[in-house]
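>>> Here's my sequence, what's the structure:
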Amino acid sequence: MPETVSLEIGGRTLVIETGELAKQANGSALVRYGDENVVLAAVTISAKPREGIDFFPLTCEFEEKMYAAGKIPGGYIKREGRPTEHGVLSARQIDRPIRPLFPEGFRNDVMIVSTVLSIDPELDADVLAVCAAGAALAFSDIPFEKTVAAVRVGRDESGKWICNPTLPQYETGGVEIVVAGTADGVMMVEGAAKEISEEDFLAAVEFAHTEVKKIVAAIDKLAKKVGKPKGSYPAQKPDADLAAFIEKKFKDDVAVAMRIIDKTERNAAFAKITRDEAIARCGKKDDEVKAKLETSGSKDFDKIIKSMEENELRVMVVDEGMRPDGRKANEIRPIWSKIHYVPRVHGSGVFTRGQTQVFTAATLGSISDEQRLDWIIAVPNKRYMHFYNFPPYSVGETRPMRGPGRREIGHGHLAETAMLPVLPSEEDFPYTLRLMSEVLESNGSSSMASVCGSTLALMDAGVPIKKHVAGIAMGLILHGKKHAVLSDIQGLEDALGEMDFKVAGTVDGITAIQMDIKVQGITIAIMREALAQAKTGRLFIIDKLKETIAEPNKELSKYAPRMIVLTISPDKIKDVIGPGGKIINKIIADTGVKIDIENDGRVFIASPDGEGAEKARKMVEALTKSVNVGETYMGTVTRLMNFGAFVAVLPGKEGLVHISQLAPGRVEKVEDVVKVGDEIMVKVVEIDSQGRMNLSRKAVLTGEDPSGPLRSGEPPPRERNGSGGGGRRRRE
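Alright, predicted model coming up:
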């Protein structure tokens, strides 16, 4: 039997189990939540570090199996392959709060695999995976300093905070924030909101942390009962004598290099601080240190220099009030931006902040271009997509270029989330939108530069977004009991600092947020200070964006497709499509448009030019328009019979003009009045129960009422099937 602990979270019972599944792993935990949600996490560790490794190799995987939702994968391949975007983002949410809590210098491989075994499609399991991973580590023999858990926060219709809301509740409350933490502090925040205020955001985090602490307490309670003793895994630390020598010999070099404003020049200065230079500086009394330098390689040397850089940064920023590039703590780097940078794309913008530069292109497409999602949770298809690319030249490096990694996917998702609240609805702007941000130069905060570039590109494209959105990355430097919060951090401050806190939003509130830290928790007070400083910086950047483009362009690019939206009766859809798609394909071939028809009767017509779209619109309207008795139409003669002429008044709608109704006088032969292809005005005088129409040209010419017997007391002859043959029927 498994050992369990349970508690109430968000109105559902959360049960944490261990001891029954995955027992060959170093630790495992099964989390059950409510009636349908089950997630298993298993953690394993290598017996010893890989030879020569100089970093902590943590791998986190989030396995989404379609069976968990009772589904079979769509498409030809019926086995799950690469993780979905949601799977990648969920794996990142496990990694980010857990990684900082392993011991300094720990180098053994650790792997955390979280598998969703069962799921309510309206409830995201990512936070359950964080809880399961935190519990598995707590139960294992792997050295891990504090227990981690996570919850999601939303709002109900009354504005009250709710824990672990369903997907529909995200939309109702306009807030969706994931908070992970320990009993002592918050480790990670990520979320989206419809322009939430800073104070409301902090209230959401405080509410979430209260729930997190309940889960942590439950896990710790069970760990005391069933947890394994922590194993002995020695941390790798540089030799103390070697560290003392290097700190003495290179203290001034690090201090000078750290104060060089330009990134390229600073990197060049640091590049001169090498192990070979350290060996060259060894004196006659330093033979022992020299031997260590020659045998230990450069890795210990690099670690010591990095530690010196971190300490120097703390002294500069916290004690001296000076940042590496000479800015004040709340100062934003110089900004310039341009729109319509290239001619062929539908919209484009370049946003440059210091040595960070992003080019974003916006492309408009039809509704059928939206991204179809086959996930285990019930999410709608995406009509707005944002992708982020980080080529190696942006940081002056050479490396192989592969597909997007987890970082690229995460940054793209964050920028996408930031823009969603200001996008026009599908009804107001029936387009699919795809934005691509190319990082051309990077020295920190490229994801937030992508948000700014998206605003420029969308407005340049003529997309009627409601407001400007800007983003800023905040940093934190700790030195003893003192700290400094930094606005618009650059790469060095991100790499050596304790926090990367990204905040995006409009003048009225926050739309997206992401916080990662490298210490064991952060206080609400520091978060409040960072948010206030971020708001000031965000408003400053928005003013700069407004100087470039104050509002969306009124006209779309001449290269963008023109879109017309019609609404027809759903029972008329078959008339537009035709047998085997014959009719709709002919419209597309004749006009060069793209047509998408929704089940509710909405028809989306996209064309490179307005003329083609308008022509297609008329053709669709004609196909779906009803013919009414008493109305007059310009029709085309399609066939001649000895008893009259058949006339098409609308596409697919044909009626008979009896020979007696062709002209005011007596007509001997139909051919004497009309021929095939003639256009004539006719009036609808009757539609029978089978939909067959009697038409009159005579009524149009004379204004007479043709009701009653049409010829010598005898009704006009009609084809029984409306398409050929003779036959008569009597009018009752």
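>>> How about the contacts made by Ala129?
Going by C-beta atoms under 8 Å, 6 or more residues apart in numbering, Ala129 touches Val39, Ala41, Phe62, Ser90, Gln93, Ile94, Ser114, Val116. For the C-beta atoms, the positions are set from N, CA and C on the backbone; glycine is no exception.
>>> in a helix, that's where the fourth one is, yeah?
In other words, Ser90. Yes: per DSSP: H, G, I helix; E, B strand; the rest coil, Ser90 lies within a helix segment.
>>> I'd say it and Asp126 touch.
Yes: the pair Ser90 / Asp126 is scored as a contact, 4.0 Å apart, by C-beta atoms under 8 Å.
>>> Where does pLDDT dip in the stretch 351-500 of the chain?
Residues of the stretch 351-500 of the chain meeting the criterion pLDDT under 70: none.
>>> Do you have the strands of the stretch 401-550 of the chain handy? List them.
Ranges of strands in the stretch 401-550 of the chain, per DSSP state E, counting those that start in this stretch, are 432-441, 470-479, 482-487, 499-506, 509-517.
>>> helices or strands up against the last one?
If you count contacts as 3 or more C-beta pairs under 8 Å, 6 or more residues apart in numbering; DSSP states H and E, strand 509-517 packs onto strand 186-196, helix 198-226, helix 406-419, strand 499-506.
>>> strands paired with it, and their directions?
Sheet pairing of strand 509-517 (DSSP bridges) gives strand 186-196 (antiparallel), strand 499-506 (antiparallel).
>>> Let me know the angle separating the first one from helix 406-419.
So that's strand 186-196. Here strand 186-196 runs at an angle of 30 degrees relative to helix 406-419 (axes from the mean of the first three to the mean of the last three C-alpha atoms, to 10 degrees).
>>> State the mean pLDDT of strand 186-196.
Mean pLDDT, computed over strand 186-196, is 94.
>>> Using CSV, write down the CA coordinates of it.
Extracted in CSV, the C-alpha atoms of strand 186-196 (Å, rounded to 0.1, in the frame of the first residue of the first chain):
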residue,chain,number,x,y,z
VAL,A,186,8.6,32.7,-3.9
MET,A,187,10.9,31.0,-6.5
MET,A,188,9.1,31.6,-9.8
VAL,A,189,6.2,33.5,-11.2
GLU,A,190,4.8,33.3,-14.7
GLY,A,191,1.4,34.4,-16.0
ALA,A,192,-0.9,36.5,-18.0
ALA,A,193,-3.5,39.1,-17.2
LYS,A,194,-5.9,41.6,-18.8
GLU,A,195,-4.1,44.7,-17.6
ILE,A,196,-3.9,43.9,-13.9
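>>> Find the nearest non-adjacent residue to Leu167, please.
Once flanking residues are discounted, Leu167 sits nearest to Glu122: 4.9 Å by C-beta to C-beta, 6 or more residues apart in numbering.
>>> in the helix or strand harbouring Glu294, what's buried?
Here Glu294, judged by DSSP states H and E, is contained in helix 287-296. For helix 287-296, burial by neighbour count (16 or more other C-beta atoms under 10 Å) applies to Val289, Lys290, Lys292, Leu293.
>>> wait, the second one sits on Gly283?
Yep, that's Lys290 we're talking about. No: checked against C-beta under 8 Å, the pair Lys290 and Gly283 is beyond contact range at 9.0 Å.
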